[in-house]
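Asker: Mind folding the following:
(chains A and B)
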Amino acid sequence: MHLTNTQAIILTLLVNRGKSYGLELVKNSDGRLKRGTVYVLLQRLEEKGFVTSELEAPKEGQLGPPRRTYEATGHGARVLDAWTMYREAGALRLGGAL
Amino acid sequence: MHFAYTGSTYAIWLAKNLWRLSQENAPYGGSFIADVCITDVYKSRIKKVEISASQSMPARFTFLYFRFCFFLVQMYDWPLVIIFRLLEMGDRQKQTKSLKTAPGIRVMRLIRFVYSKKSISRIFEPIHADFIEEYLEALNAGEKWKSRWIRVRYYWAFLSASGLLSVVSIAKKVVKFWQQVA
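Answerer: Numbers count the residues shown, from 1 in each chain, chains lettered A, B, ... in the order given. Coordinates of the predicted model:
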């Protein structure tokens, strides 16, 4: 399964922080995620089965449209682990070569 | 604003009624007790107008006294009423303007015309929800310039999301085509 760096950031945030919505992810990413692209990436992750989403029930007095919250699946968490291990091994190999 | 205006109107009504009362009481000696305080009607202009009549005051003096008070209130009142009415009109115009141009509505209309339901519910509606949340937060905090900046930033977000979505869909089609060929 292919995972880009940005997708890995999103998955890491979802695994560490649990259920969150796009704006929370952007705010917690220290500028690594953008408001415009986060939802496209989340949709891609959902299509791959790494993430699930559900529409929040509108709260009393809420003015905007209802929010969609995202959560990492077990499969997504395992893929992230594998990806992290792969990256670390790659970095080690690169460090050894240098 | 409305309260101040209503307050002054009420004061006038009260003064009128007191005058009427003094007139009605005139045949019976014209004595009654009335203490009326109009406090902070227009905050800066009229601080306190006190209308009072003691029991011993004769009816004709009461009548003159209330007439003077009524004149005072009216004298202060009319230019302020005009100003407040104008300000209220301005407020009303602002409200209708803000209702007409709620943030992101036009962009969402355009997006609904171009993209599929799935893309709208998964990508654009969440962006719009975030936009409204941040925009209202800034407005509630009284940060007008920040709210404007948020508007610009989210229009850019809509643009970049649609751009990325197009790139992703093209890439998907290319991959599908490549798989079919190979």
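
Asker: wait, A:Leu3 sits on A:Thr12?
Answerer: No: using C-beta atoms under 8 Å, A:Leu3 is not in contact with A:Thr12, being 10.6 Å away. Quick note: C-beta positions are derived from backbone N, CA and C, even for glycine.

Asker: between those two, who's got more neighbours?
Answerer: Shown here are A:Leu3 and A:Thr12; by other C-beta atoms under 10 Å in any protein chain shown, A:Leu3 has more neighbours (20 against 16).

Asker: Mind listing the shared neighbours of A:Leu3 and A:Thr12?
Answerer: Residues touching both A:Leu3 and A:Thr12 (C-beta atoms under 8 Å, 6 or more residues apart in numbering or on different chains): A:Leu80.

Asker: Quick one: name the residues of chain A near chain B.
Answerer: Within chain A, the residues that sit near chain B (C-beta under 8 Å from any C-beta of the partner chain) are A:21-23, A:34-37, A:39-40, A:42-44, A:46, A:53, A:55, A:63-68.

Asker: Recalculate using a threshold of 7 Å.
Answerer: Proximity of chain A to chain B (C-beta under 7 Å from any C-beta of the partner chain) is limited to residues A:21-23, A:34-37, A:39-40, A:43-44, A:63-65, A:67-68.

Asker: remind me which residues of the chain are low pLDDT?
Answerer: You didn't pick a chain, so chain A it is. Counting by pLDDT under 70, the ranges of chain A that qualify are A:1, A:61-64, A:91-98.

Asker: you looked at the wrong chain, it should be chain B
Answerer: Low-confidence segments of chain B, defined by pLDDT under 70: B:1-102.

Asker: near chain A, which residues of it?
Answerer: Contact residues (C-beta under 7 Å from any C-beta) of chain B with chain A: B:122-123, B:125-130, B:132-133, B:136, B:153-154, B:156-157, B:160-161, B:164-165, B:168.

Asker: ok, 10 Å please
Answerer: Residues of chain B found near chain A (C-beta under 10 Å from any C-beta of the partner chain) are B:102-104, B:108, B:118-119, B:121-136, B:150, B:153-165, B:167-168, B:172.

Asker: biggest helix in chain A, by residue count?
Answerer: Assignment by DSSP state H gives helix A:74-97 as the longest helix of chain A.

Asker: Burial check on A:Pro58, number of neighbours?
Answerer: A:Pro58: 12 surrounding residues under other C-beta under 10 Å.

Asker: isn't it right next to A:Pro65, touching?
Answerer: Yes: assessed by C-beta atoms under 10 Å, A:Pro58 is found in contact with A:Pro65 at 8.1 Å.

Asker: rewinding a little: just the buried subset of the residues of chain B next to chain A, please.
Answerer: Buried by 16 or more other C-beta atoms under 10 Å in any protein chain shown: B:103-104, B:108, B:119, B:122-135, B:150, B:154, B:157-158, B:160-162, B:164-165, out of those.

Asker: Counting only helices, which of the residues you listed make the cut?
Answerer: Using DSSP H, B:108, B:119, B:125-135, B:150, B:154, B:157-158, B:160-162, B:164-165 are the members of these that sit in helices.

Asker: Correct me if wrong, but A:Ser53 is in a strand.
Answerer: Yes: under DSSP: H, G, I helix; E, B strand; the rest coil, A:Ser53 sits within a strand.

Asker: so how many other residues sit close to it?
Answerer: As a burial measure, A:Ser53 scores 19 neighbours (other C-beta under 10 Å).

Asker: That one and B:Pro126 touch, don't they?
Answerer: Yes: at 9.1 Å, A:Ser53 counts as touching B:Pro126 under the criterion of C-beta under 10 Å.

Asker: correct me, but A:Thr52 touches A:Ala77?
Answerer: No: A:Thr52 is beyond contact range of A:Ala77, at 12.0 Å (criterion: C-beta under 10 Å).

Asker: so what sits against both of those two?
Answerer: Residues touching both A:Thr52 and A:Ala77 (C-beta atoms under 10 Å, 6 or more residues apart in numbering or on different chains): A:Leu14.

Asker: and A:Phe43, what does it touch?
Answerer: In this structure residue A:43 is Gln, not Phe. Counting by C-beta under 10 Å, 6+ apart, A:Gln43 touches A:51, A:53, A:70, B:118-119, B:121-123, B:126, B:161, B:165, B:168.
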